[in-house]
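Enquirer: When you get a sec, could you give me coordinates for this:
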Amino acid sequence: MHRRQFVTLARNTAVLAAAPAVLRHAFAQEGGLAGKTISIGCSGALSGPLAGFGQDVKIGAEAAMAQINARGGIHGRQLQLNMVDDGYVAQRTADNVRAMLSQGGAFALLSCVGTPNNAAILPLVEESGLPYVAPLTGAASVRKSVRNVFHVRAGYADEVQRLVQRLAEMGLKSVGIVAMDNPYGRELAEDATRALAARGLKPALMVTVATDGSNVAAAVAKAAETRPAALILATAGSVSVAFVGQLRKAAPGVLLAGVSATFTSDGLKQLGEAGSGIALTMVMPDPQRARNQLVRDYQTALRARGVQDFTLGSLEAYVNLRVLAEGLERAGSDPTRSKLRNALAGIRNLDMGGFVVDYAGSAPYVGSRYIDLAVLGGSGRFLG
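Expert: Residues are numbered from 1 along each chain as shown. I've put the predicted structure just below:
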């Protein structure tokens, strides 16, 4: 475990231990549940370098909620989303979740954004018994054997393995890594290094960029000087867009590959022609192609709210909310957090119409291993 991550976890655990008795008592209550409503909490980046991810969570989750509520809700209760901005700052995420718990603002938690952010709230989730569905990260460091967390998406390690496999199949041996200088980037870089080592390779380049993008130009210059055949992007959000945009001018022949968290939907649009040819893993089906029932349901839900822009991020949030809703449905008309946890753990081979979720086995609960690989076109859409 990285030192910063350990310090964050230790600090949050200490806060809980030192909390006044009234606050610890509030954590134990079944907050967020009323006679006619169920409140679902979420702390996400609605501002900052990963703002696009937070916006997609809001769009997709609210579309799924509206679809479910229009059919009568869950056992007569309407679902409500209580989403709070944290700017991709881990301490703000912890503060937001702590406030939801103490104020009774969430019966369950959904899709908080970011690896360091999720690491910061795990002690709160475990201490409170708050059921938490679909953290928006694939980092192995937050996929611990905890009873309250139910991951949906496949993990980053598997995504990186798929990328390295494809690069190896292309005969590329000079592969570099550019990583964001935070727990997300460092863990992804370690995953990529291990995947390369399994094929007898070492990174041809390892360069880090700050989360605010302040040293992107220097990182681009180093990559252009080394000029590997391919670069794995262990970056996310606006940093990814800035790096790719500058690298395309400095070293246009370098192949680029990233995971599902590399770009926000807005970032893909901003890239334009600079994004053409980038290989990306997907942990959800293509949201633009209504080839299965899940995507058709998702597109219908967004169109009902006047949204015509179909993105991987909002599809993932739509799926995540539906998984939580399935758990609530199974928990019955008199739900408790304990009943919801048991109901989620009992989900087996849930076919959502071309996407299967299965929590077989014990914690850590990971519902999907779905990974696809696609190439971007100049319009920000996937070519296949």
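Enquirer: how much space is there between residue 336 and residue 343?
Expert: When Cβ to Cβ, to the nearest Å is the yardstick, residue 336 and residue 343 sit 10 Å from each other. Heads up, the C-betas are built off the backbone N, CA and C, glycines and all.
Enquirer: Those two: which is more packed in?
Expert: More neighbours surround residue 343 than the other of residue 336 and residue 343, with 18 against 15 (other Cβ atoms under 10 Å).
Enquirer: Now do that one against residue 359, distance only.
Expert: Residue 343 sits 10 Å away from residue 359 when distances are taken as Cβ to Cβ.
Enquirer: Please apply the same query to residue 327.
Expert: The gap separating residue 327 from residue 359 is 9 Å, by Cβ to Cβ.
Enquirer: Residue 81 too?
Expert: Noted for residue 81: a distance of 23 Å to residue 359, by Cβ to Cβ.
Enquirer: Which one of these two is surrounded by more residues?
Expert: Using other Cβ under 10 Å as the criterion, residue 81 and residue 359 rank with residue 359 on top: 23 against 18.
Enquirer: Would you check that the more buried one makes contact with residue 347?
Expert: Yes - contact status for residue 359 versus residue 347: in contact at 4.8 Å, counting by Cβ atoms under 8 Å.
Enquirer: Could you give the bridge partners of the most centrally placed residue in the chain?
Expert: Centroid-nearest residue in the chain, with Cα atoms, centre = their mean: residue 136, separated by 2.2 Å. On the basis of DSSP bridges, residue 136 takes part in beta bridges with residue 113.
Enquirer: Where does residue 281 sit: helix, strand or coil?
Expert: Assigned by DSSP: H, G, I helix; E, B strand; the rest coil, the conformation of residue 281 is strand.
Enquirer: Quick check: which ranges of this structure have low pLDDT?
Expert: Segments of the chain classed as low confidence (criterion: pLDDT under 70) are 1-29, 384.
Enquirer: Excluding sequence neighbours, find me the nearest residue to residue 199.
Expert: Using Cβ to Cβ, 6 or more residues apart in numbering and skipping the chain neighbours, the partner closest in space to residue 199 is residue 168 (5.3 Å).
Enquirer: same deal with residue 330?
Expert: Counting by Cβ to Cβ, 6+ apart, the residue nearest residue 330 is residue 343, at 3.7 Å.
Enquirer: again, but for residue 276
Expert: The spatial neighbour of residue 276 that comes closest, neighbours along the chain excluded (Cβ to Cβ, 6+ apart), is residue 378 at 4.2 Å.
Enquirer: Can you say which helix or strand has that neighbour in it?
Expert: Using DSSP states H and E, residue 378 sits within no helix or strand.
Enquirer: In contact with it, which residues?
Expert: Listed by Cβ atoms under 8 Å, 6 or more residues apart in numbering, the contact partners of residue 378 are 272, 273, 275, 276.
Enquirer: Same question for residue 261.
Expert: Counting by Cβ under 8 Å, 6+ apart, residue 261 has contacts 53, 137, 138, 156, 184, 236.
Enquirer: Can you tell me which of the residues you listed is nearest residue 60?
Expert: residue 53 (10.7 Å; Cβ to Cβ).
Enquirer: what separates the closest one from residue 313, distance-wise?
Expert: Following Cβ to Cβ, the distance that separates residue 53 from residue 313 is 6 Å.
Enquirer: residues shared between the contacts of the two?
Expert: By the contact definition Cβ under 8 Å, 6+ apart, residue 53 and residue 313 are jointly contacted by residue 264.
Enquirer: what about the strands in the stretch 251-384 of the chain?
Expert: Ranges of strands within the stretch 251-384 of the chain are 255-258, 279-282, 350-351, 356-357, 365-366, 372-375, based on DSSP state E, counting those that start in this stretch.
Enquirer: what lines up beside the fifth one in the sheet?
Expert: To tie it back to what came earlier, the one meant is strand 365-366. strand 149-151 (parallel).
Enquirer: After the partner strand, which helix or strand is next?
Expert: Moving toward the C-terminus from strand 149-151, the first helix or strand encountered (DSSP H and E) is helix 156-169.
Enquirer: outside of that next one, which residues touch it?
Expert: Under the contact criterion Cβ under 8 Å, 6+ apart, helix 156-169 has outside partners 137-140, 175, 187-188, 191-192, 194-196, 198-199, 201, 230, 232, 255, 257-261, 279, 281, 283, 369, 371, 373.
Enquirer: Drop anything exposed from the residues you listed.
Expert: The neighbour count (16 or more other Cβ atoms under 10 Å) marks 137-140, 175, 187-188, 191-192, 195-196, 201, 230, 232, 255, 257-261, 279, 281, 283, 371, 373 as buried among the contacts of helix 156-169.
Enquirer: Need the contact partners of stretch 353-363.
Expert: Applying Cβ under 8 Å, 6+ apart, the external contacts of stretch 353-363 come out as 144-147, 149-150, 152, 284-285, 291-297, 319, 323, 344-350, 365-368, 370.
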